[in-house]
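Novice: Show me the folded form of this:
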Amino acid sequence: MTARWVVGIAPERDLDVLWRPISLLWKNNVTEDSEHYERVRRTHNLMRVMESVRETDGNDGVERLYTEYGRRIHHDKELEFDLAEALEAVGLDTSHAAAYDDEAWDPGIRKQMDDGLALVGDDFGTPILAWERTDSRRVAYFGPVITRVPPGDKSLQLWDSLTGLTDIDGFWELKRARTERPDFGDRP
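Specialist: Residues are numbered from 1 along each chain as shown. A predicted model of the protein is given here:
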């Protein structure tokens, strides 16, 4: 939901969104005997394909594929979709599907993941957002965790509030218990 929110506000706040991977397989140290292993292994391997796309189609290709993954996983409830079809659906070369089982992409994923976690600390996961404060210092935060994209001006208000808070030295964290599941809205 945070990704959809950022995509929606990017033109309004002149944001240049750079997509980076984080592997929940590695982050959560999921072992093969875990009930979650197959799911996080699948999403990890899907990131390998995204990194192959990044190499040839840049950040734009990664965003297109990430959005397509979201459509299929969250809207269509289909984790085991045909990778070549997903690539083709967003105008990407289907040969990228070969990266799915190729561990050669893992060092790049690990480096980008470690770079992101270095900005916020190792006890956080995804989403991580990073930007420059008004004094040009780089900051990053885990979150915001949202269950739906806020409508219209509320989306911009959320961004402005978040970036405003991070301009305050000494501000670190807000948190409250989540009482609802994500509402993915219409299929993008």
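Novice: So what's the gap between the helix ranked longest in the chain and the chain middle?
Specialist: As assigned by DSSP state H, the longest helix anywhere in the chain is helix 37-70. Relative to its parent chain, helix 37-70 has a centroid offset of 10 Å by C-alpha atoms, centre = their mean, to the nearest Å.
Novice: for the helix or strand just after that helix, packing partners?
Specialist: Proceeding N to C from helix 37-70, the next assigned helix or strand is helix 83-89, under DSSP states H and E. In this structure, helix 83-89 packs against helix 37-70, with contacts taken as 3 or more C-beta pairs under 8 Å, 6 or more residues apart in numbering; DSSP states H and E. To be clear about C-beta, it is placed using only N, CA and C from the backbone, and glycine gets the same treatment.
Novice: Please, which helix or strand holds V139?
Specialist: Using DSSP H and E, V139 maps to strand 138-142.
Novice: Not counting that strand itself, show me its contacts.
Specialist: Applying C-beta atoms under 8 Å, 6 or more residues apart in numbering, the contact partners of strand 138-142 are 116, 119-120, 124-133, 162, 166.
Novice: just stretch 36-54 next, same as before
Specialist: Contacts to stretch 36-54, defined as C-beta under 8 Å, 6+ apart, come from residues 19, 21, 23-26, 28, 30-31, 61-62, 65-66, 69, 79-80, 83, 87, 92, 96-102, 105-106, 108-109.
Novice: Please repeat the previous calculation with a cut-off of 7 Å.
Specialist: Applying C-beta atoms under 7 Å, 6 or more residues apart in numbering, the contact partners of stretch 36-54 are 21, 23-25, 30-31, 61-62, 65-66, 69, 79, 83, 92, 96-97, 99-102, 105, 108-109.
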